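S.K.: I'd like to go over a predicted model; first the sequence, then the structure.
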Amino acid sequence: MTHARPYGAASVIGRRSLLVHAVTGVLAVVGLTSGFPAWVFGQAAVPILHRPKDPENLTEFERMHVPRVRIAEVIEDGANAPVIVEMDHPMDQDHYIRNVRILDYQDPLIWKGTFHFTPDSGTVSLYTQVRLDAGKSTIYAVAECNKHGRWVGSADVDVAVGGC
């Protein structure tokens, strides 16, 4: 026996669906209102995330700031997926990478970790294992330069259906 909902009745959505809709909405609003600070404060708007103009042909400046994300294209077990993030950024006292965040918007737990660096770190290189949900997704690494803001790099992965 099926029950029809009365007109205008609220539908029940799960936490994952709500989270995906909320993140999508925030990203859409940020994308549509990128000129908002300039209009309100009368100054140039600073982008929240920098992306390379042509990912296949990075400029020297972009090559220095865009994190390289390495992960296998297909992973059998999503419980312990290895991720490597590297950058050729200088780690000087006045110009360095503060942190790198790893994210996966297809997973119920989007934030996978934040890794902090100082000029004493010498290089930006990290290896970690993350939990990934089954199916196709994109792993993002967001690196924060103390002078030039946040830069994003990504890699696609397909976790087997029998994965985590």
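M.R.: On my side now, so go ahead. Residues are numbered from 1 along each chain as shown.
S.K.: part of a helix, is residue 63?
M.R.: Yes: assigned with DSSP: H, G, I helix; E, B strand; the rest coil, residue 63 falls within a helix.
S.K.: Quick check: it touching residue 88?
M.R.: Yes: the pair residue 63 and residue 88 passes the contact test of CB atoms under 8 Å, sitting 6.4 Å apart. Where you see a C-beta, it was placed from the backbone N, CA and C, and this is true even at glycine.
S.K.: Kindly state the pLDDT recorded for the residue positioned nearest the centre of the chain?
M.R.: Closest to where the C-alpha atoms of the chain average out (CA atoms, centre = their mean) is residue 140, at 3.5 Å. On pLDDT, residue 140 comes in at 97.
S.K.: hey, what's it bridged with?
M.R.: residue 103, residue 154 (DSSP bridges).
S.K.: ok, it - contacts?
M.R.: Applying CB atoms under 8 Å, 6 or more residues apart in numbering to residue 140 gives the contacts 69, 102, 103, 104, 105, 152, 153, 154.
S.K.: Can you go through those and name the buried ones?
M.R.: Among these, those classed as buried by 16 or more other CB atoms under 10 Å are 69, 102, 103, 104, 152, 153, 154.
S.K.: what about the residue nearest to residue 80 when sequence neighbours are not counted, which helix or strand?
M.R.: Closest residue to residue 80 apart from its sequence neighbours, by CB to CB, 6 or more residues apart in numbering: residue 129 at 4.5 Å. Using DSSP states H and E, residue 129 sits in strand 124-130.
S.K.: gap between that strand and the chain center?
M.R.: 14 Å (CA atoms, centre = their mean, to the nearest Å).
S.K.: If you average the pLDDT over that strand, what comes out?
M.R.: Here the average pLDDT along strand 124-130 is 96.
S.K.: Would you mind giving me the confidence score for residue 41?
M.R.: Taking residue 41 on its own, its pLDDT is 41.
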